[in-house]
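K.L.:
predicted coordinates and the sequence they were generated for:
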Protein chains: 2
Amino acid sequence: MEIIRTKDEMRAVSAKLRSEGRTLGLVPTMGYLHKGHVSLIKSSKKECDTTAVSIFVNPIQFGPSEDFNNYPRDTQRDTEIASKEKVDFVFIPEAKEMYNENHLSYVRVEKMDNVMCGKFRGNHFRGVCTVVLKLFNIIKPDYAFFGEKDFQQLVIIKKMVKDLDVNVKIIGCETIREPDGLAMSSRNKYLSEKERKNAVILHNTILFAEEEIKKRYKDPEEIKKECLKILNLSEFIKKVDYFDLRDPETLEELKSTRSSPCNALIAAAVYIGTTRLIDNKVVLL
Amino acid sequence: MEIIRTKDEMRAVSAKLRSEGRTLGLVPTMGYLHKGHVSLIKSSKKECDTTAVSIFVNPIQFGPSEDFNNYPRDTQRDTEIASKEKVDFVFIPEAKEMYNENHLSYVRVEKMDNVMCGKFRGNHFRGVCTVVLKLFNIIKPDYAFFGEKDFQQLVIIKKMVKDLDVNVKIIGCETIREPDGLAMSSRNKYLSEKERKNAVILHNTILFAEEEIKKRYKDPEEIKKECLKILNLSEFIKKVDYFDLRDPETLEELKSTRSSPCNALIAAAVYIGTTRLIDNKVVLL
């Protein structure tokens, strides 16, 4: 496994692969790899001749009051995991390698980046889109693999790729969960033992919403209200940023559970103590 | 010369060239080709194995009160000119081929797109950056050629390419002028005979500013004031959008003509009757 730290080196490696006619899959990550990332790597290895993992905690997708400085980092452990999974290349650039001193260019997927997490995390998706496009331009993968846990991110990146004619196939991969149902996330590390035990309420409330949608007689607003009630009753949930029922493609609000087809994205962001967790589920009816 | 109307066809042609190891130069235009475009084509043919010209009047770079509908179009004449110049490919997509129904993704080069023409033409440079990035993603040229007449556009595109790690070399080419000094522009067609005769005042005022800068004792503000006075005295100039002295790389306002080095971009936009014309000159001292 080759560890690459500069854009030039990464470009050269990618050009060589292309000249040999070998396909390249990219798993873009912020490091602190867990089983969710490993499943993305396995998907890439199944689909592509070679697999690259990028590890970059992207400063421009964090708000000023967010956890950029505290975001968990362990590059040695990450490279060991990647190596064990037989990843071919790990791209680990420094922030100053990725961004010049006077970076001014940004990509936005308007409207979609203003709802759900975008409503609470200012320029978050602008930062995500910008770094993902940069990584695509540097690494030039044929495929890129993203977890469905960050569902809004996945939808926005698919839309960016379509709108801007980016020649990368975006593959969404199933959320990997702990035995109790909690979605894997690098941020789970922040949870105290008690919080960890109770964090599954997020997933369970989403499953409750799924059952209510499947009955197809309640309005989305009513289901939403019931779910907010459940979440707000828990002493471990300090704040609910949102609990939304939306169209899984356009991210527009779900108008009815009675229409056919009824495709619903159930998505939520809550604070367990001071830790912000997100989760979602797509229901296709 | 091959005329290409779809993205897929364009991608296939470009992929074939790459597989043959042949370099591709792109001259992006909005059509209605004049000697300025021809000089860009000649630069591309000198530098690259093959040359593509794109012809696309990009709706998203025009404001609602601007001349999108009236912008001069003559595809037959354009393709004849391109063919005579031995262009290899002309890419002429329809608007609905370029943009899907619900296009939401945009690229901005912030700060730089708010000054000069950006101050008067709302989302103009957002539209320019977005279409140029799309054209680059579809055509994948090695080089792209832009006229210095649209100097702000050139600076912004260079900055976008740098910031977003786009692998295209941007070449700025000298402004081509009519015998009296008026910069070539498709919009010159709008001018009445009398307006055309008097339009050169824009270029001449910029040359006057150049001389004043070279003396290196007046403040930029003073030179600017004198130039605005000259322009406003002409009965043919209906309005001056701006007459600016700026740094040619950062587009920041020039602070002094005494500093060393003193690199100045003199740039202006004026209305001759109802026709908006721009021109500029870079002075390196």
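P.N.:
Ah, there it is.
K.L.:
and A:Glu211, backbone torsions?
P.N.:
phi -60, psi -40 (degrees, to the nearest 10).
K.L.:
what about it, how many neighbours?
P.N.:
10 (other CB atoms under 10 Å in any protein chain shown). C-betas here are computed from N, CA, C, even on glycine.
K.L.:
can you give me the helices in chain A?
P.N.:
In chain A, the helices defined using DSSP state H lie at A:7-19, A:35-47, A:75-84, A:95-98, A:117-120, A:124-139, A:151-163, A:193-198, A:201-215, A:220-233.
K.L.:
so can I have TSV of the ones you listed showing distance to B:Leu104 and mean pLDDT?
P.N.:
Shown next, in TSV, are those (distance: least, CB to CB, whole Å; pLDDT from 0 to 100):
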stretch	distance to B:Leu104	mean pLDDT
helix A:7-19	28	97
helix A:35-47	26	97
helix A:75-84	33	98
helix A:95-98	25	97
helix A:117-120	12	97
helix A:124-139	11	98
helix A:151-163	6	98
helix A:193-198	37	96
helix A:201-215	26	97
helix A:220-233	23	96
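K.L.:
show the contacting residues for the residue positioned nearest the centre of chain A.
P.N.:
Centroid-nearest residue in chain A, with CA atoms, centre = their mean: A:Asp150, separated by 3.1 Å. Going by CB atoms under 8 Å, 6 or more residues apart in numbering or on different chains, A:Asp150 touches A:Ile278.
K.L.:
for it, give its distance to A:Gly25.
P.N.:
18 Å (CB to CB, to the nearest Å).
K.L.:
look up the closest residue to A:Arg258, ignoring the ones flanking it.
P.N.:
A:Arg216 (5.6 Å; CB to CB, 6 or more residues apart in numbering or on different chains).
K.L.:
look up how far A:Ala264 lies from that neighbour.
P.N.:
From A:Arg216 over to A:Ala264 (counting by CB to CB), the distance is 10 Å.
K.L.:
pick out whichever of these two has more residues nearby.
P.N.:
A:Ala264 (24 against 13).
K.L.:
figure out which of the helices of chain A is closest to B:Glu80.
P.N.:
With distances scored as CB to CB, the stretch of these nearest to B:Glu80 is helix A:151-163 (33.3 Å).
K.L.:
give me the contact status of the closest one with chain B.
P.N.:
Yes - counting by CB under 8 Å from any CB of the partner chain, chain B is contacted by helix A:151-163 at A:Lys159, A:Met160, A:Lys162, A:Asp163.
K.L.:
so which bits of chain A are right by chain B?
P.N.:
Checking chain A against chain B by CB under 8 Å from any CB, the hits are A:7, A:11, A:99-100, A:102-112, A:129-130, A:133-134, A:137-138, A:159-160, A:162-167, A:250.
K.L.:
A:Asp219 against A:Ser259, yeah?
P.N.:
No - between A:Asp219 and A:Ser259 there is no contact under CB atoms under 8 Å: 11.6 Å.
K.L.:
more neighbours, these two?
P.N.:
Shown here are A:Asp219 and A:Ser259; by other CB under 10 Å, A:Asp219 has more neighbours (14 against 11).
K.L.:
care to break chain A down by domain?
P.N.:
What automatic domain parsing lists as the domains of chain A is A:2-173, A:186-284.
K.L.:
using CSV, please lay out the ones you listed together with distance to B:Lys197.
P.N.:
Listed next are the domains of chain A as CSV, based on distance: least, CB to CB, whole Å:
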stretch, distance to B:Lys197
domain A:2-173, 41
domain A:186-284, 54
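K.L.:
which one of those is the most hemmed in?
P.N.:
domain A:2-173 (a mean of 19; mean count of other CB atoms under 10 Å in any protein chain shown).
K.L.:
tell me how far that one lies from the chain's centre.
P.N.:
10 Å (CA atoms, centre = their mean, to the nearest Å).
K.L.:
ends of it, how far apart?
P.N.:
25 Å (CA to CA, to the nearest Å).
K.L.:
ditto for stretch A:170-185
P.N.:
With CA to CA, one end of stretch A:170-185 sits 20 Å from the other.
K.L.:
now do it, average pLDDT.
P.N.:
Mean pLDDT, stretch A:170-185: 97.
K.L.:
quick one: buried residues of that stretch?
P.N.:
In terms of neighbour count (16 or more other CB atoms under 10 Å in any protein chain shown), stretch A:170-185 has its buried residues at A:Ile170, A:Ile171, A:Gly172, A:Cys173, A:Thr175, A:Ile176, A:Arg177, A:Glu178, A:Leu182, A:Ala183, A:Met184, A:Ser185.
K.L.:
and the first one, how far is that from A:Ser44?
P.N.:
In other words, A:Ile170. From A:Ile170 over to A:Ser44 (counting by CB to CB), the distance is 12 Å.
K.L.:
any common contacting residues for these two?
P.N.:
Common contacts of A:Ile170 and A:Ser44 (CB under 8 Å, 6+ apart): A:Tyr143.
K.L.:
in the stretch 151-285 of chain A, what residue lies closest to chain B?
P.N.:
A:Asp163 (3.5 Å; CB to the nearest CB).
K.L.:
I'd say that residue and B:Ser105 touch.
P.N.:
Yes - at 3.5 Å, A:Asp163 counts as touching B:Ser105 under the criterion of CB under 8 Å.
K.L.:
who touches both of those two?
P.N.:
A:Val109.
K.L.:
got the contact list for whichever residue of the stretch 1-150 of chain A sits closest to chain B?
P.N.:
For the stretch 1-150 of chain A and chain B, the shortest gap (CB to the nearest CB) falls at A:Ser105, measuring 3.5 Å. Taking CB under 8 Å, 6+ apart, we find A:Ser105 in contact with A:Thr130, B:Val107, B:Arg108, B:Val109, B:Glu110, B:Cys129, B:Lys159, B:Met160, B:Asp163, B:Leu164.
K.L.:
now with 6 Å?
P.N.:
B:Val109, B:Met160, B:Asp163, B:Leu164 (CB atoms under 6 Å, 6 or more residues apart in numbering or on different chains).
K.L.:
and these, which is closest to A:Cys117?
P.N.:
Among those, and counting by CB to CB, the member closest to A:Cys117 is B:Leu164, at 23.1 Å.
K.L.:
list the contacts for the closest one?
P.N.:
Counting by CB under 6 Å, 6+ apart, B:Leu164 touches A:Ser105, A:Leu133, A:Lys134.
K.L.:
against A:Leu17, how distant is it?
P.N.:
22 Å.
K.L.:
with A:Ile138 instead?
P.N.:
Distance of A:Ile138 to A:Leu17, given as CB to CB: 13 Å.
K.L.:
check A:Lys7 too.
P.N.:
A:Lys7 is 16 Å from A:Leu17, by CB to CB.
K.L.:
isn't the residue of the stretch 151-285 of chain A closest to chain B right up against B:His103?
P.N.:
Yes - contact status for A:Asp163 versus B:His103: in contact at 5.3 Å, counting by CB atoms under 6 Å.
K.L.:
related to what we said a few turns ago, okay if I get the helices of chain A as JSON lines plus distance to B:Pro59?
P.N.:
Conversion of the helices of chain A to JSON lines gives the following (distance: least, CB to CB, whole Å):
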{"stretch": "helix A:7-19", "distance to B:Pro59": "34"}
{"stretch": "helix A:35-47", "distance to B:Pro59": "37"}
{"stretch": "helix A:75-84", "distance to B:Pro59": "45"}
{"stretch": "helix A:95-98", "distance to B:Pro59": "33"}
{"stretch": "helix A:117-120", "distance to B:Pro59": "26"}
{"stretch": "helix A:124-139", "distance to B:Pro59": "22"}
{"stretch": "helix A:151-163", "distance to B:Pro59": "14"}
{"stretch": "helix A:193-198", "distance to B:Pro59": "51"}
{"stretch": "helix A:201-215", "distance to B:Pro59": "39"}
{"stretch": "helix A:220-233", "distance to B:Pro59": "35"}
